[in-house]
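A.B. asks: Fold the following.
(chains A and B)
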Protein chains: 2
Amino acid sequence: MVSPADSTRETGTTFLPKFDEKGLLSAVVQDVETGRILMVAFMDAEAIEATQETGIAHFHSRSRGKLWKKGETSGNVLRVEEILVDCDQDALVLRCRPAGPTCHTGATSCFYRKLEKGVLQPVKP
Amino acid sequence: MVSPADSTRETGTTFLPKFDEKGLLSAVVQDVETGRILMVAFMDAEAIEATQETGIAHFHSRSRGKLWKKGETSGNVLRVEEILVDCDQDALVLRCRPAGPTCHTGATSCFYRKLEKGVLQPVKP
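C.D. replies: Have a look, this model is predicted:
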């Protein structure tokens, strides 16, 4: 397959997701209400398609090597309101409305700590 | 090297960045003022160290295979105010104060388009 030119990806209106050699790209989940970043994961073509079809965020689990509907067991799904695409189309931002805490630890966001003077400190829940 | 247990990474105060097999982790840049996501890139141990030492965001350029000080040529550096770490420590959020547009296209954010009905539409600058 011929790869689209960088300029086509940057200026065009065609969605041409640029996957890495594993068929993945980065996906950042942002709470559409608070602006807070909730999690970062990876998507493949299958996850993008499932997300577009259902309106619920799907990712590719690298550890399990398969499609992962976030919240499938916990019920804490992420309703996708908007999908932003970056210049070279190798990263997406999913602007979502979370049904509950996003992190499997029960935290609102997976980013519940900050690095301060070399150690991790809790941030507001 | 023995890998730290997941629980140590999730609950501890020790910064134990979890790199993939290429020695990389995901880094999301968020504007500390507006909350807008400006870019997504990758960091290796060297980039994390350079960022911590200088307070200016450094990444690992996958295409050039080397340390990349964002804004080195354009002057549009990212001053890092806060570094957030996720549960399994394989992703970071750099909360930054950008010196200028973050995207090489001149856009404030690399995420200047959204996916709508299958095509890319501009978002507010």
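A.B. asks: Distance of the closest residue to A:Leu67 other than its chain neighbours relative to A:Ile83?
C.D. replies: Leaving out its chain neighbours, the residue that sits closest to A:Leu67 by CB to CB, 6 or more residues apart in numbering or on different chains is A:Glu46, at 5.5 Å. (C-beta placed from N, C-alpha, C; glycine too.) Distance, A:Glu46 to A:Ile83, using CB to CB, to the nearest Å: 16 Å.
A.B. asks: Taking chain A, what residue is nearest to chain B?
C.D. replies: A:Gly35 (3.3 Å; CB to the nearest CB).
A.B. asks: got a list of what that residue touches?
C.D. replies: Contact analysis of A:Gly35 by CB atoms under 8 Å, 6 or more residues apart in numbering or on different chains lists B:35-36.
A.B. asks: in chain A, which residue is closest to the centre?
C.D. replies: By CA atoms, centre = their mean, the mean C-alpha position of chain A lies nearest to A:Ala27, the distance being 2.9 Å.
A.B. asks: surely that one meets A:Leu94?
C.D. replies: Yes - using CB atoms under 8 Å, A:Ala27 is in contact with A:Leu94, at 6.0 Å.
A.B. asks: Can you pull the residues of chain A lying near chain B?
C.D. replies: Within reach of chain B by CB under 8 Å from any CB of the partner chain, chain A has these residues: A:10, A:12-15, A:26, A:28, A:30, A:35-37, A:39-40, A:52, A:82-88, A:91, A:93, A:103-105, A:107, A:110-115, A:118-121, A:123.
A.B. asks: ok but the residue nearest to A:Leu67 is inside a strand, no?
C.D. replies: No - using DSSP: H, G, I helix; E, B strand; the rest coil, the assignment for A:Glu46 is helix, not a strand.
A.B. asks: Verify the stated contact: it with A:Ser61.
C.D. replies: No - the pair A:Glu46 / A:Ser61 is not scored as a contact, 11.4 Å apart, by CB under 8 Å.
A.B. asks: So for those two, which residues contact both of them?
C.D. replies: Here A:Glu46 and A:Ser61 have A:Leu67 as joint contacts, going by CB under 8 Å, 6+ apart.
A.B. asks: give me the element A:Leu84 is part of.
C.D. replies: Per DSSP states H and E, A:Leu84 falls inside strand A:78-85.
A.B. asks: From the contact counts, what lies against that strand?
C.D. replies: helix A:45-54, strand A:91-98, strand B:113-116 (3 or more CB pairs under 8 Å, 6 or more residues apart in numbering or on different chains; DSSP states H and E).
A.B. asks: Buried by neighbour count: which residues of it qualify?
C.D. replies: A:78, A:80, A:83-85 (16 or more other CB atoms under 10 Å in any protein chain shown).
A.B. asks: With only the CA atoms kept, save it in CSV.
C.D. replies: C-alpha atoms of strand A:78-85 as CSV (Å, rounded to 0.1, in the frame of the first residue of the first chain):
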residue,chain,number,x,y,z
LEU,A,78,-16.9,6.3,28.0
ARG,A,79,-19.4,7.9,25.7
VAL,A,80,-17.5,9.6,22.9
GLU,A,81,-18.7,13.1,22.0
GLU,A,82,-15.9,14.2,19.7
ILE,A,83,-12.8,12.7,18.1
LEU,A,84,-9.9,15.0,17.5
VAL,A,85,-7.2,14.1,15.1
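A.B. asks: Just the residues contacting it, thanks.
C.D. replies: The contact list for strand A:78-85 (CB under 8 Å, 6+ apart) reads A:15, A:17, A:29, A:32, A:38, A:51-52, A:55-57, A:70-71, A:91-99, A:102, B:37, B:111, B:113-115, B:120, B:123.
A.B. asks: For A:Glu116, name its beta-bridge partners.
C.D. replies: A:Glu116 has the following beta-bridge partners by DSSP bridges: A:Val119.
A.B. asks: burial count for it?
C.D. replies: Counted by other CB atoms under 10 Å in any protein chain shown, the residues lying close to A:Glu116 total 13.
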